[in-house]
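Enquirer: Let me see the structure of the following:
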Amino acid sequence: MASADSQISAGSVSGRKVVVGMFMLGLIATGILWFYWHYHLMPFMPLQKAIATEFKESAPRVDGGRRKLQEETPMILRVQIRVPFDPTDKDGDSKRQTDHRLTVVEELAEKHATLTDYEVLQVHMYFEHQEKQLLQQSFTRKLDDNSVWQRAEDSP
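Expert: Residues are numbered from 1 along each chain as shown. Below you'll find the predicted structure:
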């Protein structure tokens with residue numbers, strides 16, 4: 001009868017190899033994340049920092065590209081920012097603040113991004129009203145003509 005030690009060692013991997021394998025997996029995952037961050041998101045970092053400087057506590061996120069991997073979709077520059085007001089309000093002070101932020105974001109995008117590479121500029125604003133309520137509104141403007149900003153529900 002074989003001993004318990006010989007049965008365990010025949011089909012098992014040493015703890016040292018498991019730990020080394022886990023470290024290697026962690027290093028590979030970190031490398032993939034760095035590669036993605038550096039090559040996909042870093043081109044937008046100057047614009048993201050400029051928006052964060054202009055609007056404190058806006059937590060901006062900037063991304064760009066096609067919506068899907070289909071060639072017929074337009075190149076979109078997306079900006080997502082937190083705002084201290086209800087962006088869904090179409091009247092009064094909220095509308096003025098919304099218009100101001102749209103203008104400033106577009107000006108900053110002209111300075112810090114190559115807008116000629118994009119066909120559409122999208123700005124997504126959100127307001128965390130209460131712990132469980134998120135008020136959000138999206139705005140789109142085509143860059144190839146002198147179009148005006150459109151709210152998401154106003155778009156065709």
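
Enquirer: and the residue nearest the centre of the chain, what are its bridge partners?
Expert: Taking Cα atoms, centre = their mean, the centroid of the chain lies closest to residue 61, which sits 4.4 Å from it. With DSSP bridges as the criterion, residue 61 is bridged to residue 80.

Enquirer: quick one: it from residue 98, how far?
Expert: 18 Å (Cβ to Cβ, to the nearest Å). All C-beta spots, glycine's among them, are computed from the backbone N, C-alpha and C.

Enquirer: Residue 124 now?
Expert: Counting by Cβ to Cβ, the gap from residue 124 to residue 98 is 12 Å.

Enquirer: Compare those two and say which is more crowded by neighbours.
Expert: residue 98 (23 against 16; other Cβ atoms under 10 Å).

Enquirer: which residues do residue 124 and residue 98 both contact?
Expert: Residues touching both residue 124 and residue 98 (Cβ atoms under 8 Å, 6 or more residues apart in numbering) are 137, 139.

Enquirer: unless I'm mixing things up, the residue nearest to the centre of the chain is touching residue 47, no?
Expert: No - in this structure, residue 61 is not within contact of residue 47 by Cβ atoms under 8 Å, at 10.5 Å.

Enquirer: Residues in contact with both of the two, list them for me.
Expert: Both residue 61 and residue 47 are contacted by residue 79, under the criterion Cβ under 8 Å, 6+ apart.

Enquirer: Checking the closest residue to residue 113 other than its chain neighbours next. Helix, strand or coil?
Expert: By the measure of Cβ to Cβ, 6 or more residues apart in numbering, the closest residue to residue 113 outside its immediate chain neighbours is residue 47, 4.9 Å from it. At residue 47 the chain is in helix, as set by DSSP: H, G, I helix; E, B strand; the rest coil.
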